[in-house]
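# Predicted model and sequence follow; I will ask about them next.
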Amino acid sequence: MPNIKSSKKAVKVIAKKTANNHELKMRVQNLIKNCEKAIAADNVEEAQNLVKDVQKYSDKAVSKGLIKKNTADRQKARLTQKVKNMK
């Protein structure tokens, strides 16, 4: 446990940032899973809405450095292609 006041604050800040980062990464992963489920259930409208959300939150995660740009682009492209093939 740190003794210095600034170190104590740093521990709190790091914990908060870690929680926020984890929440954003899990949100992206859950959106991808839900989109895959909607595609499997042939629910076109829901899948299209989820793809938009996946794109939005993936771009946020990339801008924060949580996932790599190519990984996000690949995931978005695959989901978009699957939704296009549903029609």
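All right, it came through fine.
# and A38, what is it in contact with?
E46, A47, L50 (CB atoms under 8 Å, 6 or more residues apart in numbering). From N, CA and C alone the C-beta is placed, and that goes for glycine too.
# my bad, A47
Going by CB under 8 Å, 6+ apart, the list of residues near A47 reads C35, A38, I39, K82, V83, M86.
# What separation is there between the residue positioned nearest the centre of the chain and V11?
Closest residue to the average C-alpha location of the chain: V28 at 2.1 Å, with CA atoms, centre = their mean. Relative to V11, V28 is positioned 27 Å away (CB to CB, to the nearest Å).
# now do N43
In terms of CB to CB, N43 sits 45 Å off from V11.
# Neighbour count for those two, which is higher?
Set N43 next to V11 and count neighbours by other CB atoms under 10 Å: N43 wins out with 15 against 12.
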